[in-house]
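In: Dropping a prediction and its sequence here:
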Amino acid sequence: MLCQVFPEQYAQQLAEKVERLQTLLPQAPNLQVFESPAEHYRARAEFRIWHEEDDTFYIMFDQETKQKVRIDECPMAIKPIAELMPKLMDAIKADDALRSKLFQVDFLATLSGQMLVTLIYRRSIEGDEAWLTGANRLREILPIDHIIGRARKQKILLDEDFVTETLDVDGKPLHYQQIENSFTQPNPYVAQHMLHWARAVSGKSDGDLIELYCGNGNFSIALADCYRKVLATEISKTSVASAQINIAANGVENLQIIKMAAEEVTEAFGGREFNRLKGIDLNAYEFSTIFVDPPRSGLDDLTRKMVCDYERIIYISCNPETLARDLEVLTQTHEIQQTALFDQFPYTHHIESGVFLTRKA
Ligand SMILES: C[S@@+](CC[C@H](N)C(=O)[O-])C[C@H]1O[C@@H](n2cnc3c(N)ncnc32)[C@H](O)[C@@H]1O
């Protein structure tokens, strides 16, 4: 959809997504729908850069036609990004060191007002004093907190490579470090709804929670006070490091995060020993609930079987097709109690959804 928004079509498009989800999950009851703002909702945006004689501008490629489309404004992006884009481009055009062979610009911003910009080049910027001076000047004249320069095998940090987002979760501010180039939920307004829904279906549980694919601790931290203890796992080293920082930043004391692939967690429960689990007594947990938020491919065969061992399953999905496939297995032992559609990606076909299941009597 290339940055455009169509607020007058939003309600109709959302209704079509609801219909599609209901077709894919015909057995899904109690569907709650969480809307996005109809414009200014994306806190991450990436643009290729095009150079044409004296002009330089942002472009995107139309996925259907493969044609490049000039982007002068982006009302999908949250206001700090949308307002910065033209000013940043003017400043880049005025400085040859910043402009030369610039290939891509990435924006990562927060509702709390922080901005990180990554400038990616098709030339070396290592030791380029003119580039460094230009990049530092951008931070002086524009509302940019952090700038990263990237080129092949080069990453130049002016200071930090992250922003800290603050989300309002059921009236409580939660703080999340979000690292450049790592997974974070792109639509913070809808992310707040997702955390609220996951807390609502969790309720106050006497049992413990195990979480797979936990990223930077987004759900783990918001859910920690719904459970006695939480053990969360994630494959990405960078995200696990962020999660540890987020646990401390939010003063959470009953949550442990370990770097483990979902497949390895299944093996650990099957008795395989892992150094990373040293000091963690899996038998001391009483897991009543499992939370999964897998990538688009959904659950692998072993994990799909493993989640059925728990009394309650909370499944967040960014791909309703793989969710429907996984639910065919999960609903043999469990019953769907609640479903939700979170409109993370307005004006696209993407559907983010949530399903809460409990074991059949
Ligand atoms: C859709 S994201 C969800 C992240 C997190 N729940 C959040 O809300 O930010 C999926 C996460 O799964 C991780 N991941 C991908 N494959 C994995 C695997 N085989 N085992 C464990 N984690 C994996 C990714 O690194 C990513 O952080």
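Out: Cool, got the structure. Residues are numbered from 1 along each chain as shown.
In: show me where the stretch 51-200 of the chain has helices.
Out: For the stretch 51-200 of the chain, helices defined by DSSP state H, counting those that start in this stretch occupy the ranges 79-93, 96-99, 129-141, 188-202.
In: Reformat these as a markdown table; add mean pLDDT, distance to Thr303 and mean neighbour count.
Out: (Each C-beta comes from the backbone N, C-alpha and C, glycine too.) A markdown table is the format used below for the helices of the stretch 51-200 of the chain (pLDDT from 0 to 100; distance: least, Cβ to Cβ, whole Å; neighbours: other Cβ atoms under 10 Å):
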| stretch | mean pLDDT | distance to Thr303 | mean neighbour count |
| --- | --- | --- | --- |
| helix 79-93 | 97 | 36 | 18 |
| helix 96-99 | 98 | 46 | 17 |
| helix 129-141 | 98 | 43 | 15 |
| helix 188-202 | 98 | 19 | 21 |
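In: in this structure, what secondary structure element scores lowest on mean pLDDT?
Out: Every helix and strand of the chain was ranked by mean pLDDT, DSSP states H and E. The lowest is helix 262-269, at a mean of 91.
In: and after that one, which helix or strand comes next?
Out: strand 287-292 (DSSP states H and E).
In: helices and strands around the helix or strand just after that following strand, which ones?
Out: Downstream of strand 287-292, the first helix or strand assigned by DSSP H and E is helix 301-307. In this structure, helix 301-307 packs against helix 262-269, strand 287-292, helix 320-333, with contacts taken as 3 or more Cβ pairs under 8 Å, 6 or more residues apart in numbering; DSSP states H and E.
In: Quick check: buried residues in helix 301-307?
Out: Within helix 301-307, the residues that count as buried by 16 or more other Cβ atoms under 10 Å are 303-304, 306-307.
In: end-to-end on stretch 174-190?
Out: One end of stretch 174-190 sits 15 Å from the other (Cα to Cα, to the nearest Å).
In: quick check, it touching the ligand?
Out: Yes: using Cβ under 6 Å from any ligand atom, stretch 174-190 reaches the ligand at 183-185.
In: State the distance from the residue in the stretch 201-350 of the chain that the ligand sits nearest to to Glu165.
Out: Nearest to the ligand, among the residues of the stretch 201-350 of the chain, is Gly215, at 2.8 Å (Cβ to the nearest ligand atom). Distance, Gly215 to Glu165, by Cβ to Cβ, to the nearest Å: 13 Å.
In: list residues touching both of the two?
Out: Common contacts of Gly215 and Glu165 (Cβ atoms under 8 Å, 6 or more residues apart in numbering): Thr184.
In: And the longest helix seen in the chain, what does it pack against?
Out: If you go by DSSP state H, the chain has its longest helix at helix 7-24. Helices and strands touching helix 7-24, by 3+ Cβ pairs under 8 Å, 6+ apart, are strand 31-34, helix 320-333, strand 334-342.
In: Show me what from the stretch 51-200 of the chain comes close to the ligand.
Out: 183-185.
In: For PyMOL, write a command that selects the buried ones of the residues you listed.
Out: Buried members of these can be picked out in PyMOL with the line below, counting by 16+ other Cβ under 10 Å:
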select buried, resi 183+184+185
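In: Just the ones of the residues of the stretch 51-200 of the chain next to the ligand in strands?
Out: The strands, defined by DSSP state E, take in nothing from these.
In: how about TSV for the residues of the stretch 51-200 of the chain next to the ligand, with pLDDT and distance to Thr333 added?
Out: Shown next, in TSV, are those (pLDDT from 0 to 100; distance: Cβ to Cβ, whole Å):
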residue	pLDDT	distance to Thr333
Phe183	91	30
Thr184	91	33
Gln185	92	29
